[in-house]
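# Okay, predicted coordinates and the sequence, questions at the end:
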Amino acid sequence: MRFLLILIAVTVLVLSIRMLLKKTVTKSETRQSNSEPMVPCKQCNLHIPKSEAVRHAEQFFCCDAHYKKWQNEHNIQ
Ligand SMILES: [Zn+2]
């Protein structure tokens, strides 16, 4: 009877450790996707993920319209 209790206790322990490890892996995966560098839009200063930003000559924009607007303003000056 005592052996059975120990067996159950060990099984529960192993299962909870497995669950904890799974959680840790999921957390680090989420952290990785969240750690994507953010860049500010040159026109409105809105921060967007670098991969989603419109990039033109080392300048970042949240959308094509803001790039065109910035370019127009830049050409006038
Ligand atoms: Zn913008």
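It's in.
# Tell me the helix or strand right after the host helix or strand of Phe3.
Using DSSP states H and E, Phe3 maps to helix 2-34. Counting by DSSP H and E, the next helix or strand C-terminal to helix 2-34 is strand 38-40.
# ok, and does that following strand reach over to the ion?
No. Remark: strand 38-40 sits outside contact range of the ion, by CB under 5 Å from the ion, the gap being at least 8.7 Å. Just so you know, the C-beta spots here come from the backbone N, C-alpha and C atoms, and that holds for glycine as well.
# Give me the sheet partners of the helix or strand just after that strand and which way each runs.
Using DSSP H and E, the helix or strand that follows strand 38-40 in sequence is strand 47-49. Using DSSP bridges, strand 47-49 pairs in its sheet with strand 38-40 (antiparallel).
# Quick check: buried residues in the strand it pairs with?
Val39 (16 or more other CB atoms under 10 Å).
# quick revisit: the helix holding Phe3 - what's its average pLDDT?
Model confidence over helix 2-34, given as mean pLDDT, is 80.
# So for stretch 58-77, what gets flagged as buried?
Applying 16+ other CB under 10 Å to stretch 58-77 flags Gln59, Phe60, Phe61, Cys62, Cys63, His66, Tyr67, Trp70, Gln71 as buried.
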